[in-house]
Each structure stands twice: as C-alpha cells, then as structure tokens.
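Chemist: generate a structure from the sequence data that follows.
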Amino acid sequence: MPLVRIEISKSHRKDYKMALLQAVHDGLVNGLSIPDNDRNQRLYELEDYYFERSPNSGKTEKFTLIEVTLLPGRSTEMKKNTITEITRLLGERLQITPPDVFIIIIEPPLENWSIGGKQGSEMGLQYKQE
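Modeler: Presented below is the predicted three-dimensional model:
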C-alpha cells in the first residue's frame, strides 16, 4: 500500500503527467511486487517560482521530486531496485535524466498509520514478503 506524492513544475501537458504517474506506478510494481491495482498517487504541480532549485545543481524544468511512503519491512535491496526502476522508466518514457529525479522512501512505524480510524498496529497491517 505505497502512498506516493510527486511534485513537478506546472509547465507540463496532461499526457506528460499521465505518463509520469504510470512510470512511477510501474516502477513500484516492478520493484516492490505490489499488485497493479494498488495505486495511491498524488501529483502536485508548483509554479516555477515556488519550486526552487539550486542555480548550479544542473536541475532542469523536468526536475521530479517523488516521496514514497511504505509500510515498514522491505529490504534494502527491494528499495534500491524500486529507485532504480522508477528512474529507468522516467528516463525511457519521458527523457527525464537521473540528475532530475529525486526519490525519498519513508517508512513510518505501524502505530503512525491509520485506516478507517483504527491504528495500523491494531489492525495487523504489515507488508507481506513473498
């Protein structure tokens, strides 16, 4: 049940944004082996003047910030594969270069999750390793 937040500059067309969402989702499916229908993504578009990048960083208008929040328990290797896969797909499908991809994986403890008003640790939420 990954929760994904993607932030980009507001300058992109709808087809670019839809391809971006699909590439990130496919990277999660390939890297984490989540079901294809496990999709919880939010895309935030910021005016360029609200999306600061260091002047000498080499970041372009395609700079993409991706936060993936996961239930705890995936291996370092799975997370590495997911980062690699998302970056690869963004490059192949949207010509976003690796320096323009920033991914952070966040794993809050189960007591910090809630669905339907119940705490995740009380619901038995957990990532099932296959």
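Chemist: mind listing the helices for this structure?
Modeler: All helices of the chain, identified by DSSP state H, fall at 14-32, 76-94, 120-123.
Chemist: now those helices in JSON lines, with distance to Glu52 and mean neighbour count?
Modeler: To be clear about C-beta, it is placed using only N, CA and C from the backbone, and glycine gets the same treatment. Shown next, in JSON lines, are the helices of the chain (distance: least, CB to CB, whole Å; neighbours: other CB atoms under 10 Å):
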{"stretch": "helix 14-32", "distance to Glu52": "20", "mean neighbour count": "17"}
{"stretch": "helix 76-94", "distance to Glu52": "21", "mean neighbour count": "17"}
{"stretch": "helix 120-123", "distance to Glu52": "34", "mean neighbour count": "14"}
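Chemist: closest to Glu107 out of those helices?
Modeler: Evaluated with CB to CB, the helices of the chain place helix 76-94 nearest to Glu107, the distance being 8.9 Å.
Chemist: just the C-alphas of that closest one, formatted as CSV.
Modeler: Provided in CSV are the C-alpha atoms of helix 76-94 (Å, rounded to 0.1, in the frame of the first residue of the first chain):
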residue,chain,number,x,y,z
THR,A,76,17.3,-2.5,1.3
GLU,A,77,17.6,-4.4,-2.0
MET,A,78,13.9,-4.0,-2.8
LYS,A,79,14.1,-0.3,-2.1
LYS,A,80,17.2,0.0,-4.2
ASN,A,81,15.5,-1.9,-7.1
THR,A,82,12.5,0.4,-6.8
ILE,A,83,14.6,3.6,-7.0
THR,A,84,16.5,2.2,-10.0
GLU,A,85,13.3,1.0,-11.8
ILE,A,86,11.5,4.3,-11.3
THR,A,87,14.5,6.3,-12.5
ARG,A,88,14.9,4.0,-15.5
LEU,A,89,11.3,4.2,-16.6
LEU,A,90,11.2,8.0,-16.2
GLY,A,91,14.2,8.2,-18.5
GLU,A,92,12.8,5.8,-21.1
ARG,A,93,9.3,7.2,-21.2
LEU,A,94,9.8,10.9,-20.5
